[in-house]
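Q: let me see the structure of the following:
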Amino acid sequence: MADFDLDMHILSLLEKEPFFAAISRHIAKNSSRSIPTAGVRVSSEGFYEMIYNPDFFAKMKPEHRLGVLKHEFYHLVFEHVTTRLPDAEDGSGKKMNKRWNIATDLAINSYIVNELPNDPAIVQPCIPGEGPFKDLPPKMTSEWYYANLPNKGGRNEDGEGEGFGPPLDDHSGWGEGEIPEDVKQLAKQRLKEMMKDAADDANRKGWGTIPADMQAEIKNRIKTHVDWKAILRYFIKTSQRANKTSTVRKINKRFPYIHAGKRVERRAEIAIAIDQSGSVHDEMLVKFFSALDDLAKLATFTVIPFDTRVGTDKIYEWKRGTKHKAERVMCGGTCFDAPTKYVNEQGEFDGLIVLTDLQAPKPIPCTVPRMWMTDEDNAAAPYFKTNERVIVID
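A: Here you go, the predicted model:
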């Protein structure tokens, strides 16, 4: 029991569930006895992780382990981890965490009613049509359940009540205030990519036990947009490096008035490569420059025009707070190796953002983090596949 490792059981548990198997590949699973059952959350880097109690999983039947896994992955599909928590109706501004937790579980468990462990002494899931929720219909949204939860019998609006067993999973760390907005948007972007890959797998291999109405819901959620500006801010923030300089104005804490203090200036040396090829139409170029206008509010960066080569005589620094006119300065084919080689050889950049239509062969690896920005149509049908971040500019 003490040595139970969920990763050792994942393949067999998800063998007949291609969609959930694909989602699982992106989720870190960490064993901990700090929680009684299991839970999913977003890490400080915007990745999803699942925490599970090994004793809890060791005691369960395999079919119940699968049910709990599906329950946790459905929390991701429905974006419960990053959704804004509802306000109390009395105008107090209080967040109704526990009531919302119950509502999200009811929405999920409608689809996996007979797959969950249900022992009031250990754990008791919230299921529409059963126990204190006997008057609630199945397969409604979390918002509907939240608005229609009974305030008497079973758990009340604070999640408390007599005669009702422990909850199925842990929901700590959800909602605003717990996750910085830029990290939340990055997590949403990653979720969208995860779900698209998982849906592609399911279309090829089958959707397992996921019913048709849920398949439609998943496909609809893949189309949702994220705040690409927040993701840009996160990319810049995580690319920052410190530049320390001596200054007599700042007192050295370890050796006051003996050694000069250190002033730390943080800056992000970001390269912005703009695809100037003929396949990038003028409207897309205007979108790119509009995005850079917003980016210039945050940082100074280097603009690198390219087609099949880098226009070295056309490279310029876009200073923070300034604006530049959208213009085409080159018009050849497209080769993503050109800006990548330039950045690799310069050795002075912390990150590379490529604004393009993605219609060229896959480039060589980049020595710094590389991110791609394009419009919705080209993001849906790129010339090459990449595990690097692809952001859609609305």
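Q: for residue 286, list the residues it contacts.
A: residue 326 (C-beta atoms under 8 Å, 6 or more residues apart in numbering). Yep, even glycine has a C-beta here, placed from its N, CA and C like the rest.
Q: how much space separates it from residue 367?
A: Note on residue 286: its distance to residue 367, by C-beta to C-beta, to the nearest Å, is 31 Å.
Q: with residue 68 instead?
A: Taking C-beta to C-beta, one finds residue 68 at 42 Å from residue 367.
Q: among those two, which residue is more densely surrounded?
A: residue 68 (26 against 14; other C-beta atoms under 10 Å).
Q: can you confirm the more buried one is in a helix?
A: Yes: assigned with DSSP: H, G, I helix; E, B strand; the rest coil, residue 68 falls within a helix.
Q: now it, nearest residue through space, not along the chain?
A: Once flanking residues are discounted, residue 68 sits nearest to residue 38: 5.8 Å by C-beta to C-beta, 6 or more residues apart in numbering.
Q: so what sits opposite the one you found in the bridge?
A: residue 52 (DSSP bridges).
Q: my read: it touches residue 55, true?
A: No: look at residue 38 against residue 55 with C-beta atoms under 8 Å: they stay out of range, at 11.4 Å.
Q: these two: which is more packed in?
A: The neighbour comparison of residue 38 against residue 55 (other C-beta under 10 Å) goes to residue 38, with 23 against 14.
Q: in contact with that one, which residues?
A: 50, 51, 52, 53, 56, 57, 68, 72, 169, 170.
Q: next, name the residue at the spatial heart of this protein.
A: residue 187 (1.4 Å; C-alpha atoms, centre = their mean).
Q: can you confirm it is in a strand?
A: No: according to three-state DSSP, residue 187 belongs to no strand; its state is helix.
Q: distance of it from residue 66?
A: Distance from residue 187 to residue 66, by C-beta to C-beta: 25 Å.
Q: repeat for residue 185
A: Distance from residue 185 to residue 66, by C-beta to C-beta: 31 Å.
Q: where does this structure have low pLDDT?
A: Applying pLDDT under 70 to the chain picks out residues 1-2, 84-96, 151-165, 175-178, 224-226, 239-268.
Q: please enumerate the strands of it.
A: Along the chain, counting by DSSP state E, strands occupy 28-31, 38-42, 48-52, 241-251, 260-267, 270-275, 301-306, 316-318, 351-355, 370-374, 389-392.
Q: ok, residue 48 - contacts?
A: 26, 27, 28, 40, 41, 42, 76, 81, 187, 190, 191, 194.
Q: one more pass at 6 Å, please.
A: For residue 48, the contact set (C-beta atoms under 6 Å, 6 or more residues apart in numbering) comprises residue 27.
Q: count of residues packed around residue 310?
A: 20.
Q: repeat for residue 269
A: Count around residue 269 with other C-beta under 10 Å applied: 17.
Q: again with residue 69
A: Using other C-beta under 10 Å, residue 69 has 28 neighbouring residues.
Q: same question, residue 221
A: Burial measure for residue 221: 16 neighbouring residues, criterion other C-beta under 10 Å.
Q: residue 271 too?
A: For residue 271, using other C-beta under 10 Å, the count is 24.
Q: roughly how far apart are it and residue 278?
A: 23 Å.
Q: also residue 270?
A: For residue 270, the distance to residue 278 - C-beta to C-beta - is 26 Å.
Q: neighbour count winner among those two?
A: Higher neighbour count among residue 270 and residue 278: residue 270, with 26 against 12, using other C-beta under 10 Å.
Q: now the more buried one: closest residue in space, sequence neighbours ignored.
A: Here the residue nearest residue 270, using C-beta to C-beta, 6+ apart, is residue 301, at 4.2 Å.
Q: beta partners for the one you found?
A: With DSSP bridges as the rule, residue 301 is bridged to residue 270, residue 318.
Q: ok, it to residue 311 distance?
A: Taking C-beta to C-beta, one finds residue 301 at 16 Å from residue 311.
Q: swap in residue 210?
A: Residue 210 sits at a distance of 49 Å from residue 311 (criterion: C-beta to C-beta).
Q: residue 4 too?
A: 58 Å.
Q: tell me how many other residues crowd residue 301.
A: Neighbours of residue 301 (other C-beta under 10 Å): 22.
Q: correct me if wrong: it contacts residue 273.
A: No: between residue 301 and residue 273 there is no contact, the gap being 10.7 Å when judged by C-beta atoms under 6 Å.
Q: so the residue nearest to the centre of the chain makes contact with residue 45?
A: No: in terms of C-beta under 6 Å, residue 187 does not count as a neighbour of residue 45; the distance is 9.2 Å.
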